[in-house]
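> I would like to see how this sequence folds:
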Amino acid sequence: MNRIQELDTLVANQIAAGEVVERPASVVKELVENSIDAGATQIDIDIEQGGVRLIRVRDNGSGIHSEDLSLALRRHATSKIRSSQDLESTLTLGFRGEALASVSSVSRLSLCSAIKQTSGWQLTTEGDRVSALAPAAHPQGTTVEVRDLFFNTPARRKFLRTEKTEFDHIDELIKRMALAAFSVGFTLKHNQRMIRQYAPVKEIARATERLSALCGPAFVEQALYIESEAAGMQLFGWIASPNFSRGQADQQYFYVNGRIVRDKLLVHALKKAYHDVLYRDRYPAYVLFLDIPPMQIDVNVHPTKHEVRFRESRLVHDFIFNSVHDALASDHKEHAACVNEAAIAPLQAPIQEIMHGAACTIQHAERVLAAPKKQINFPEDRAAFKQALNAKIESYQRSVPRVQEQLAVYQNLHEPLPKTDVQPTVPPLGYALCQLKGIYILSEDKEGLVLVDMHAAHERVLYEKMKEALTQQKMPIQILLVPVTLQVSEREADLVEKESLFFKELGFCIERMSKEVLVIREVPQLLASGSIEQLIRDTLADLLTHGRSQRAEESINHLLSTLACRHAVHAKRQLTLPEMNALLREMEKTDHSGQCNHGRPTVMRLSLQELDKLFMRGR
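Residues are numbered from 1 along each chain as shown. Sure thing, here's the model as predicted:
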């Protein structure tokens, strides 16, 4: 075995470059972050051949002292921290002092800088050779040129993709950084051709202009600005309406203290916030910023600084989930606040009857299934059991009041209003005009035409009412005749004991019998017919990974969603105008009424201007 020896500087830097410099976009990221930390208000990026031949980043920041230029190229040399205490409170994007040293070890680098009211100075490097410091004409700020990337590490160069692919990574990176630094202007050139140009935004009210340029005008039209603050944290930014969902996660931008991050905890919280309103495998779009005390996060967990670690992960998760979930739920209520409540007849949905019927059906099935096996050993007995259970369910369905009994009747809604100088308030969803093919409600609001899918809308109304009814009463508990024994790891068993209150609130009674054995004695009644063992395993996996789990709530909500879909008014059902208007008024008071339980839209609008375009009026 070879003796232990210290690596020379060049090899050490090249090893570090393997962690920091993955591709040309990695170099651009490090250099632009340094420019932002230097207080630059304008950053110009020139790229040639996808960044392999040239990367030039020029800024008008504070600059570097001439005596510090050579020091800036050494490993772990930085102006941003002095001690471990500084590391715990840093708010700068860079702090490790590895970027320039790593980049210079795998390229031909030129560094030129000037501070205020002084002339510029320049030095160049090639591998481990550094030139002497020389004067250079340069305005205040810094210019870094990186040429022939990976010229001395050909093995790394072979892994680079095509010129277009590498530049696309740089283009997307600048887009993400421009979203985080609205006050900084950016230009991006490729092979001497201007590709992007973003002017600095001096007023936050004009931030949507850059947002539109970076994410598209369609995102801005469908975006909702949110701002929330709690426990020393602040979340603000834009979340897109569920109607603007994407087929892939290509418009998800999250920043922690201005830093671009890709964190599983944050993604999980946002995914759960959109859970009830997204259609199937669609992805939400958002641009969000989380400001959190620097002592509450660890930014030094990865060389590229793409990841952070939260000290209070569950608190952060719940804060983000609640902020986004509440914003999505209350969006329509801002428009409904002006409605005269005295003119609204509430829809009387038989929620308690539905919940009671579901519980009775489940209890009946459990009693039959709990019978001795010898009673249903023969095929004819199994068929009789199946027939009896189906008859019980059909009997329950017939007992549910008809739709016309669920809807309150509007009295004299369309009678002429008395003459007055005060203009009557038009509800957000307007007043119903007619029904189309027994499927859609056509309504007129102050802007134009409103189209409502009556089944999808009623489904959401029933679903939200059932969830509310369930939260207002204690969760029904089912005592298992035969307790379920569950084999788990010691770590998972410890977690069950630690989170005993959490499981108890959900309606579970779980006891630890040994180091790796759990016994489940009680479960929520609505989940008694499901796979309890798999549910507990999934819940424990979520708790270990995210510090939070909503598996039980999701399973219950899935059952309620199925019941709501079954009992909502179906197509071809003819409704009267008062019934249609009652449904519209209920939608205006219901959370997430813009989407059904499966994520499909319930409402579409056509303004008078859009209708005029269809008929070419005014041309």
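
> where's stretch 539-550 relative to the chain centroid, distance-wise?
Relative to its chain's centre, stretch 539-550 lies at 18 Å (C-alpha atoms, centre = their mean, to the nearest Å).

> longest helix anywhere in this structure?
helix 313-336 (DSSP state H).

> mind checking how far that one is from the chain centre?
Once both centres are worked out by C-alpha atoms, centre = their mean, helix 313-336 turns out to sit 11 Å from its chain's centre.

> Report all helices and strands that it contacts.
Here helix 313-336 touches strand 223-230, strand 233-240, helix 264-273, strand 286-291, helix 532-546, helix 577-588, going by 3 or more C-beta pairs under 8 Å, 6 or more residues apart in numbering; DSSP states H and E. Backbone N, C-alpha and C define where each C-beta goes, glycine included.

> can you give me the strands in the stretch 1-150 of the chain?
Taking DSSP state E, counting those that start in this stretch as the test, the strands found in the stretch 1-150 of the chain are 42-48, 54-59, 108-114, 120-126, 129-130, 134-136, 141-147.

> Serialize these to CSV and add fields for mean pLDDT, mean neighbour count and distance to L315.
Conversion of the strands of the stretch 1-150 of the chain to CSV gives the following (pLDDT from 0 to 100; neighbours: other C-beta atoms under 10 Å; distance: least, C-beta to C-beta, whole Å):
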stretch, mean pLDDT, mean neighbour count, distance to L315
strand 42-48, 97, 21, 35
strand 54-59, 97, 22, 37
strand 108-114, 96, 22, 42
strand 120-126, 93, 19, 46
strand 129-130, 86, 13, 48
strand 134-136, 93, 12, 51
strand 141-147, 96, 23, 39
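
> The helices and strands packed on helix 313-336: lowest mean pLDDT?
Sorting these by mean pLDDT places helix 532-546 lowest, at a mean of 86.

> List of residues touching it?
264-265, 268, 313-314, 317, 484, 486, 488, 491-492, 495-496, 499, 508, 510, 518, 520, 523, 527, 548-552, 555 (C-beta atoms under 8 Å, 6 or more residues apart in numbering).

> Would you mind checking the residues you listed for buried ones?
Those of those that meet the buried threshold are 265, 268, 313, 317, 486, 488, 492, 495-496, 499, 508, 510, 518, 520, 523, 527, 548-552, 555, by 16 or more other C-beta atoms under 10 Å.

> Point out where this structure drops to low pLDDT.
1, 204-205, 331-424, 473-475 (pLDDT under 70).

> Now, the buried ones among the contacts of helix 532-546 that are in helices?
Using DSSP H, the subset of these located in helices is 265, 268, 313, 317, 492, 495-496, 551-552, 555.

> Max pairwise distance over the residues you listed: which two?
S313 and S555 (23.6 Å; C-beta to C-beta).

> Pick out the residue nearest the middle of this protein.
By C-alpha atoms, centre = their mean, the chain has its centre lying nearest to L270, at 3.2 Å.

> can you tell me which strand in this structure is longest?
Longest strand in the chain, counting residues (DSSP state E): strand 477-487.

> what are the pairing partners of that one, and which direction each?
According to DSSP bridges, strand 477-487 forms sheet pairs with strand 517-524 (antiparallel).

> what's the strand it pairs with in contact with?
With contact meaning C-beta under 8 Å, 6+ apart, strand 517-524 is reached by 475-480, 483-488, 493, 496, 506-513, 532-533, 536, 552, 556.

> what comes into contact with stretch 593-613?
With contact meaning C-beta under 8 Å, 6+ apart, stretch 593-613 is reached by 241-243, 245, 276-280, 282, 331-332, 429, 445, 447-453, 455-457, 459-461, 463-464, 561, 564-565, 587, 618.

> So which of these are in strands?
With strands defined by DSSP E, the entries of these inside them are 448-453.

> With neighbour count as extra columns, can I get those in CSV?
Output for the ones in strands among the contacts of stretch 593-613, formatted as CSV (neighbours: other C-beta atoms under 10 Å):
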residue, neighbour count
G448, 15
L449, 17
V450, 21
L451, 16
V452, 26
D453, 19
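
> can I get these in JSON lines with distance to T425?
Listed next are those as JSON lines, based on distance: C-beta to C-beta, whole Å:
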{"residue": "G448", "distance to T425": "17"}
{"residue": "L449", "distance to T425": "19"}
{"residue": "V450", "distance to T425": "16"}
{"residue": "L451", "distance to T425": "22"}
{"residue": "V452", "distance to T425": "19"}
{"residue": "D453", "distance to T425": "25"}
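
> Out of these, which comes closest to A101?
Closest to A101, out of all of these and judged by C-beta to C-beta, is D453, at 60.4 Å.

> mind listing what the closest one touches?
Shown in contact with D453 (C-beta under 8 Å, 6+ apart): 439-440, 596, 600-603.

> Highest neighbour count among those?
Using other C-beta atoms under 10 Å as the neighbour test, those are led by C596, with 26 neighbours.

> and the contacts of strand 517-524, which are buried?
For the contacts of strand 517-524, buried by 16+ other C-beta under 10 Å: 475, 478, 480, 483, 486, 488, 493, 496, 506-510, 532, 536, 552, 556.

> Which two among the ones in strands among the contacts of stretch 593-613 are spaced furthest apart?
G448 and D453 (17.7 Å).

> Now do the same contact list for the residue nearest to the centre of the chain.
When contacts are counted by C-beta under 8 Å, 6+ apart, L270 touches 252, 254, 284, 286, 288, 320-321, 324.

> and I441, how many residues sit next to it?
When neighbours are defined as other C-beta under 10 Å, I441 has 25 of them.

> what does V32 give?
Other residues lying near V32 total 25 when counted by other C-beta under 10 Å.

> Contacts only, for it.
Contact analysis of V32 by C-beta under 8 Å, 6+ apart lists 43, 45, 57, 173-174, 177.

> Columns distance to D37 on top of those residues, output as JSON lines?
Formatted as JSON lines, the contacts of V32 follow (distance: C-beta to C-beta, whole Å):
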{"residue": "I43", "distance to D37": "12"}
{"residue": "I45", "distance to D37": "16"}
{"residue": "V57", "distance to D37": "13"}
{"residue": "L173", "distance to D37": "16"}
{"residue": "I174", "distance to D37": "17"}
{"residue": "M177", "distance to D37": "12"}
